[in-house]
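build me a model:
(2 chains)
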Amino acid sequence: MSKANNKPDMLAQKHMITKSKKPKSKTPKTKPDLSVEIAGYRFKNPIWTASGTCGYGEELDTIFDLNRLGGIVTKSITRQPRPGHPTPRCAEESSGMLNAIGLANVGVEKYVAEKLRFLDEYDIGVVVNVAGFGFDEYVEVCAMLADCPRADMIELNISCPNVSTGGIEFGASASDVERIVKAVKKVFPRPIIPKLSPNVTNIAGIAKGAEAGGADAISLINTLIGMSVDIYTRRPGLTNNRGGLSGPAIKPIALSMVNRVYDVVDVPVIGIGGASSAEDVIQFMLCGASAVQLGTALFIQPDLPITVERDLKKYLTSQGLTSITEIIGKIEKY
Amino acid sequence: MKPIISADVDLLKRRDLKNGYFSLTFGPFARAKQCRPGQFVHIGFKQSSVFYRRAFSIANTNADDKSLEIILKVVGRGSKQMADLRIGDSVNFLGPLGKPFTLPNKKQTPILVAGGVGYPPLFYWANHLIARGWDPKRIVFLYGGQSSPDIVDRARIKRMGVKFIPVTDDGSFGERGRVTSPLVRALAENTYESPMIYSCGPEAMLKAVDQIGTEFETPGELAMEAPMPCGFGICLGCIVPLRAGGTARVCQEGPTFSIGTVKL
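Residues are numbered from 1 along each chain as shown, chains lettered A, B, ... in the order given. The predicted structure is shown next:
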C-alpha cells in the first residue's frame, strides 16, 4: 500500500479511541546478516551439512532447496570406489548413534564425472571431503580435484587408519597431520580444511600441526570411537564391532574441543558435533566456530537447516546484533 | 523452493487389534493422496525414548479425509512408542518414501503373501488393486502367522472379497503349516493364470518366497524392512547386497525389490 493511500485511514483513526500505537518505522531495520567469510570465501550463512550425512546433495535437495545452505560437505571420497562394511553398520544410542559405514563411496573418478556436477547450479560453498589410507592416496585424490572448479575447498578426513603405520589414525599424530596438509596444499590450489579426530590426547597440538602444515581452516570434531552390545545375542551393534559416535551425546565434547582449538590457532575453526538447533549452532560460534556443520540431526529433521537459518536471524535481532560474525569466539569464560 | 515433505499429523484413531497389534490412523496428511502401497512414512516423535525416526509401511490411506493408517506389532522401543500414543498426540511424518509395488498387468493373478507383521502393505495393495478395477475374487491373499491371534483384521480382509487363505503354524486358524505351502501348491498345480507374487514378512519367509518365485520362474516383488536412520538415502545405513553385485538402499531403491534381485 502506498503512502498516499494510507492517509485517509490514519485520519479516520485519529477520531477513534484506540491503543496508542507507534507508527511502523518506514525504514526497515537492517536485515540480520548471516554471512561469514572463511579462507577468503564468503558463505551466505554459517550453516553447512556434515560429510556422510548429506550424501552428494541430491537426496537432501528433495527435502529443501540446497541453495539455502551456506555450504555442503559431501561424503568422503577415496581413490577407488568402496562398498563399505556389511550391515548392521548403524546402531541407535539413547542420545545419538554409532556408525561404521566403512567409507562407502563411488570413488573420485565417478564423483568428479557424475556427482559433483549435480552441484554446479547451486550457489553454495562445496567442500569435498577426501579420505585415504596412505599419504599418496590423499595427494592423488586432491590432485584430481584441483581441476574441478566446483570443488571450492577440500576437507581432509584424517580419521582413517594409516595402513603403513599399522592402522593408527593419521589424525592422531601432529607431525602426520602437518605432513599430509603440506602435501595436499601443493597439489590443490584452493583452501584445505583438515577435519580433526577427537580420539586424541592433545587436540590443541594436532590443530597446531595442521596450521603449521598450511591448513586454511580447521574443522572438528569427527565422531568418537564407541561400541554397543546386545546382551541377548552378545554381539556388538555393528559388524565392524566399533564405530563412530555422533549426535547430541557428543556436543559438549565438541564444544570444548572447538574452543580449545580456537584459542590456539589463527585460522578459522568450523564446528561439528551433535548440533541440532540454532541454539547449538550459536553455542559453537560463541566457542569460536566461524561455521557449523549439521550432521546426524539431518536424519531426524532433514529440513533442519531451514529452521536454524530462521532462528539464527531471530537471535541476532533479539540480541540487537546485525551480523552473525559478531558472536564468533565471544564466549565469556570464567 | 522445493516442498518440504515432513508434516505434523495427529493420531485420530487407535484400535487395539490384540496380541500386540495396533491400528493407528493419523491425519490430516496433505500427501495421503500421493501415497502408494509398498511405500512407508518415516515417523519422528516429539517426546521420545528413541533417537531415530521409525519407518512404518502404510496400511491404508483415505484421500477424502487425508488420513493414513499404520498397523504395527509392538516388537521394540519404536513400536512401543507408537502403541503408547494417545488420540490427539502429534507425530511428524516424512514421506511417503520408497518405491511402491508395481501394478500387475490385467492378465496376471496377484498372489499376496503376507507373514505376521508384513500384513499392512499387502492389505493396502489389495485395496488399491480393487479400487483400480481388479476383481477381488482374482486376488489371492495368503496370510500366515504362528497362531490364530497373529492373523489380525480378518473381518476387513473378508469384506474385501479377496480369495483369503489364512495359514497358521499350529493350525489354530486356517490351514496348518507355513504360508509358503499354499503358494508352492498353487504354482506347482498352475492354479492361477499368470501369477505375480507380492510379499512382505519376516526375512526368513521372504527368502523362502524369493526361492519359490525363482524356482517356478514366477515374477514378483518383495517388500523389505531394515533399520533406517534417515529413510531417504543419505545415511547408507539400510543397504542390502544384490545378486548382481553391489548394494541397494532399502529406503531408496526399495523397499520393494523384484524377486531374484536381493541376496537374501
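
any idea which element residue 252 lies in?
You didn't pick a chain, so chain A it is. Using DSSP states H and E, A:Pro252 falls within helix A:251-264.

tell me what the helix or strand just after that helix is packed against?
Next along the chain after helix A:251-264, taking DSSP H and E as the criterion, comes strand A:269-272. If contacts are counted by 3 or more CB pairs under 8 Å, 6 or more residues apart in numbering or on different chains; DSSP states H and E, strand A:269-272 sits against strand A:218-220, helix A:251-264, helix A:278-286, strand A:289-294. Every residue, glycine included, has its C-beta placed from N, CA and C.

any chance of the ones you listed in JSON lines, with mean pLDDT, mean neighbour count and distance to B:Phe164 too?
Below are the helices and strands packed on strand A:269-272 laid out as JSON lines (pLDDT from 0 to 100; neighbours: other CB atoms under 10 Å in any protein chain shown; distance: least, CB to CB, whole Å):
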{"stretch": "strand A:218-220", "mean pLDDT": "98", "mean neighbour count": "29", "distance to B:Phe164": "58"}
{"stretch": "helix A:251-264", "mean pLDDT": "98", "mean neighbour count": "20", "distance to B:Phe164": "52"}
{"stretch": "helix A:278-286", "mean pLDDT": "98", "mean neighbour count": "22", "distance to B:Phe164": "52"}
{"stretch": "strand A:289-294", "mean pLDDT": "98", "mean neighbour count": "28", "distance to B:Phe164": "49"}
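
just put these in CSV and tack on distance to A:Met97.
Listed next are the helices and strands packed on strand A:269-272 as CSV, based on distance: least, CB to CB, whole Å:
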stretch, distance to A:Met97
strand A:218-220, 19
helix A:251-264, 14
helix A:278-286, 17
strand A:289-294, 15
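
which of these sits closest to A:Thr78?
Evaluated with CB to CB, those place strand A:218-220 nearest to A:Thr78, the distance being 18.5 Å.

what is that closest one packed up against?
Counting by 3+ CB pairs under 8 Å, 6+ apart, the packing neighbours recorded for strand A:218-220 are strand A:192-196, helix A:203-212, helix A:251-264, strand A:269-272.

between these, which gets nearest to B:Asp84?
Nearest of the helices and strands packed on strand A:218-220 to B:Asp84, taken as CB to CB: helix A:251-264 at 27.9 Å.

what's that closest one in contact with?
Under the contact criterion CB atoms under 8 Å, 6 or more residues apart in numbering or on different chains, helix A:251-264 has outside partners A:196, A:198, A:203-204, A:207-208, A:218, A:220-221, A:224, A:269, A:271-276, A:280, A:283-284, A:287-289, A:329, A:331.

pLDDT weak spots in chain A?
Low-confidence segments of chain A (pLDDT under 70): A:1-29, A:161-167.

and it, which of its residues are near chain B?
Counting by CB under 8 Å from any CB of the partner chain, the residues of chain A close to chain B are A:52-55, A:59-65, A:83-84, A:86-90, A:92-97, A:99, A:101, A:104, A:247, A:296, A:298-303, A:306.

pull out the buried members of the residues you listed.
A:52-55, A:59-61, A:63-65, A:84, A:87-90, A:92-93, A:96-97, A:99, A:101, A:104, A:247, A:296, A:298-303, A:306 (16 or more other CB atoms under 10 Å in any protein chain shown).

closest point of the stretch 101-250 of chain B to chain A, which residue?
Nearest to chain A in the stretch 101-250 of chain B, going by CB to the nearest CB, is B:Gly237, at a distance of 3.6 Å.

pLDDT weak spots in the stretch 151-264 of chain B?
For the stretch 151-264 of chain B, applying pLDDT under 70 flags no range at all.

ranges for the strands of the stretch 151-264 of chain B?
Under the criterion DSSP state E, counting those that start in this stretch, strands of the stretch 151-264 of chain B are mapped to B:163-168, B:175-176, B:195-200, B:220-223, B:239-241, B:247-249, B:256-258.

name the helices or strands packed onto the fifth one?
Read it as strand B:239-241. Judged by 3+ CB pairs under 8 Å, 6+ apart, strand B:239-241 is in contact with strand B:247-249.

my read: the residue of the stretch 101-250 of chain B closest to chain A touches A:Pro86, true?
No - with contact defined as CB atoms under 8 Å, B:Gly237 does not reach A:Pro86; the gap is 11.8 Å.

in chain A, which spans are helices?
Ranges of helices within chain A are A:3-14, A:108-110, A:116-118, A:135-146, A:174-187, A:203-212, A:251-264, A:278-286, A:297-300, A:304-318, based on DSSP state H.

which one of those helices lies nearest to B:Met160?
Across the helices of chain A, closest to B:Met160 is helix A:297-300 (CB to CB), at 36.7 Å.

next one: the closest one to chain centre, how far?
Centre-to-centre, helix A:297-300 and its host chain are 13 Å apart (CA atoms, centre = their mean, to the nearest Å).

what are the contacting residues of it?
A:49-50, A:53-54, A:60, A:97, A:247-248, A:274-277, A:304-305, B:44, B:51-53, B:229-231, B:234-235.

which residues touch the residue nearest to A:Gly107 when sequence neighbours are not counted?
Computed as CB to CB, 6 or more residues apart in numbering or on different chains, the closest residue to A:Gly107 that is not its neighbour in sequence is A:Pro81, at 3.5 Å. When the contact criterion is CB under 8 Å, 6+ apart, the partners of A:Pro81 are A:105-107, A:110.

for stretch A:211-218, list the C-alpha coordinates in CSV.
Provided in CSV are the C-alpha atoms of stretch A:211-218 (Å, rounded to 0.1, in the frame of the first residue of the first chain):
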residue,chain,number,x,y,z
GLU,A,211,48.1,-25.0,11.0
ALA,A,212,51.9,-25.4,10.6
GLY,A,213,51.1,-27.6,7.5
GLY,A,214,49.3,-24.7,6.0
ALA,A,215,45.6,-25.5,6.8
ASP,A,216,43.3,-22.7,5.7
ALA,A,217,40.7,-23.6,8.3
ILE,A,218,40.2,-26.5,10.7
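
so B:Thr256 touches B:Leu222, yeah?
Yes - at 7.0 Å, B:Thr256 counts as touching B:Leu222 under the criterion of CB under 8 Å.
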